[in-house]
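1. how does the following fold in three dimensions:
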Amino acid sequence: MPSSGHRLRDVEHHPLLSENDSYDSAASSPADADAADRVWFIRDGCGMICAVLTWLLVVYADFVVTFVMLLPSKDFWYSVVNGVVFNCLAVLALSSHLRTMLTDPGAVPKGNATKEYMESLQLKPGEVIYKCPKCCCIKPERAHHCSICKRCIRKMDHHCPWVNNCVGEKNQRFFVLFTMYIALASVHALVLCGLQFIACVRGQWTGDREAEEREADVGAAAAVGRDEVRLWRPPLAALDEPLRRLPIQATADETQERGPRVLSVRPSRHSRTCPWT
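-> Have a look, this model is predicted:
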């Protein structure tokens with residue numbers, strides 16, 4: 001806030017305008033003042049980009065909360081209630097942002113430092129008033145000149161690029177509402193993100209446990225199958241052993257009964273008599 005000495009220097013070095021001064025008084029005409037009250041928009045490139053980014057961020061947050069976290073939920077009323085609350089906060093935040101951006105923050109009319117205006121103020125003797133050397137206007141108390149808006153703003157707090165406007169006497173309540181709705185929507189989104197994270201971790205944990213249980217069941221079934229095979233193998237082996245030994249024993253028995261084989265020569269049936277007998 002400028003000091004009293006600086007404001008007094010403004011009075012000393014920048015006297016009030018007279019009737020014959022060359023300042024264009026059309027800027028302070030009632031028609032232009034009414035038009036300025038009706039339409040207020042700051043043509044600042046950085047401010048317009050920041051305002052568009054603000055809208056895009058709010059819309060993206062609404063998309064993520066609605067379509068990523070709430071619609072896939074199996075709980076119907078959980079999705080409906082939280083969706084309605086978050087969307088209402090988003091709409092209120094955007095409407096407050098729009099009102100803050102398009103509302104005159106309390107601009108002082110340009111070039112009103114004239115003799116006629118001074119006389120209309122009905123100042124008391126010794127009362128001091130201050131004049132802005134940049135926009136040639138009488139500065140009320142707590143008014144400051146904004147280099148971006150190029151106007152003196154009553155009860156100016158600051159120039160916010162995210163709303164592309166100054167925060168002053170007439171739009172301060174909309175700015176406070178905008179910040180409040182954004183804060184509530186952010187807290188709501190963080191709570192939903194925390195619940196979504198817990199649900200994902202719980203689902204992953206449950207899925208891992210179910211997979212482990214399935215693997216354990218499969219392993220147990222395989223072990224039971226192996227045990228059954230082991231239980232059934234001895235009878236089969238006992239049945240196979242006599243079958244494997246039977247031909248060998250039969251061959252040995254035949255050999256013992258018949259004795260050793262002896263080669264013998266038998267006479268042919270065509271020879272009736274044997275020559276050596």
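2. so where's the protein uncertain?
-> The model of the chain has pLDDT under 70 over residues 1-38, 207-212, 216-277.
3. if we go to 50?
-> 1-36, 262-265, 271, 273-277 (pLDDT under 50).
4. how about the strands in it?
-> Secondary structure of the chain (DSSP state E): strands located at 130-132, 137-139, 144-146, 151-153, 158-160, 165-167.
5. can you list the strands that the last one pairs with?
-> Note on strand 165-167: by DSSP bridges, its sheet partners are strand 158-160 (antiparallel).
6. which parts of the strand it pairs with are buried?
-> Residues His159, Cys160 are the ones in strand 158-160 that count as buried (16 or more other Cβ atoms under 10 Å). To be clear about C-beta, it is placed using only N, CA and C from the backbone, and glycine gets the same treatment.
7. now stretch 121-136
-> Counting neighbours by 16+ other Cβ under 10 Å, one finds that the buried residues in stretch 121-136 are Tyr130, Lys131, Cys132, Cys135, Cys136.
8. quickly note the distance from the first one to Cys152.
-> Translated: Tyr130. Distance, Tyr130 to Cys152, by Cβ to Cβ, to the nearest Å: 10 Å.
9. same deal with Ile42?
-> Relative to Cys152, Ile42 is positioned 15 Å away (Cβ to Cβ).
10. so the two - more neighbours on which side?
-> Cys152 (26 against 21; other Cβ atoms under 10 Å).
11. the more buried one is in contact with Lys131, isn't it?
-> No - the pair Cys152 / Lys131 is not scored as a contact, 9.8 Å apart, by Cβ atoms under 8 Å.
12. overlap in contacts of those two?
-> Residues touching both Cys152 and Lys131 (Cβ atoms under 8 Å, 6 or more residues apart in numbering): Cys137, Lys139.
13. just to revisit the earlier point, could you single out the nearest of the buried residues of stretch 121-136 to Val58?
-> Checking the buried residues of stretch 121-136 against Val58 by Cβ to Cβ gives Cys135 as the nearest, at 34.0 Å.
14. okay, now the closest residue to that closest one other than its chain neighbours: neighbour count?
-> Distances taken as Cβ to Cβ, 6 or more residues apart in numbering put Lys110 closest to Cys135, at 4.9 Å, once the chain neighbours are dropped. If you count neighbours by other Cβ under 10 Å, Lys110 ends up with 22.
15. pretty sure Lys110 sits against Arg151.
-> Yes - using Cβ under 8 Å, Lys110 is in contact with Arg151, at 7.1 Å.
16. and Gly45, how far from Ala185?
-> For Gly45, the distance to Ala185 - Cβ to Cβ - is 27 Å.
17. same drill for those two, tell me which one is more crowded.
-> Neighbours per residue (other Cβ under 10 Å) separate Gly45 from Ala185, with Ala185 holding more: 22 against 8.
18. how about that one, what does it touch?
-> Val58, Ala61, Phe86, Leu89, Ala90, Ala93.
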